[in-house]
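# fold the following and give me the result.
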Amino acid sequence: METSKILIGYAIYLPIVIVLTFYVSKTLFKNGKTFMLDIFRGREEIATATNKLFETGFYLLNLGYALMILEINLYENTYQELIEELSYQIGGFSIYLGVMMFFNLYLFFRGKRKSKEASMNNSITA
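Next up, the predicted model:
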């Protein structure tokens, strides 16, 4: 099997999944800082640190998964098959990134709700 088409596939796949991961992460955690500030009641230092830890975990998890699924098999060894395989791999990874983004949003909203509940309980007992 000719490996040059597979190497071309890797050269296309890797930059795309890396850029997608960084774009989604920057968007999510830039806006997520607002949630963190609300959750931690304006304590900017802990909100920023927690947001940064979530962002680092997001990178590790998603880039690790992108590398783990990095496998291109070309049976007919044609450019058409390469493009179809890349679309399947990148499309699947994009769906995975979307699910991870919504999971993180769920965690943000859950944290916000728990913070509000704790604040209400504190005001009732005071």
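# count the residues that sit near Lys38.
To be clear, residue 38 is Asp; Lys isn't right here. 15 (other Cβ atoms under 10 Å). C-betas here are computed from N, CA, C, even on glycine.
# correction: Phe103
11.
# Phe35 too?
Counted with other Cβ under 10 Å, Phe35 comes out at 20.
# which helix or strand contains it?
helix 4-39 (DSSP states H and E).
# show me what counts as buried in that helix.
5-6, 9, 12-13, 17, 20-21, 24-25, 28-29, 32-33, 35-37, 39 (16 or more other Cβ atoms under 10 Å).
# other SSEs contacting that helix?
For helix 4-39, the elements it packs on are helix 44-68, helix 79-125, judged by 3 or more Cβ pairs under 8 Å, 6 or more residues apart in numbering; DSSP states H and E.
# lowest-confidence stretch among those helices?
Among the helices and strands packed on helix 4-39, helix 79-125 has the lowest mean pLDDT, at a mean of 90.
# so the helix holding Phe35 versus helix 44-68, what angle?
With axes from the mean of the first three to the mean of the last three Cα atoms, to 10 degrees applied, the angle from helix 4-39 to helix 44-68 works out at 160 degrees.
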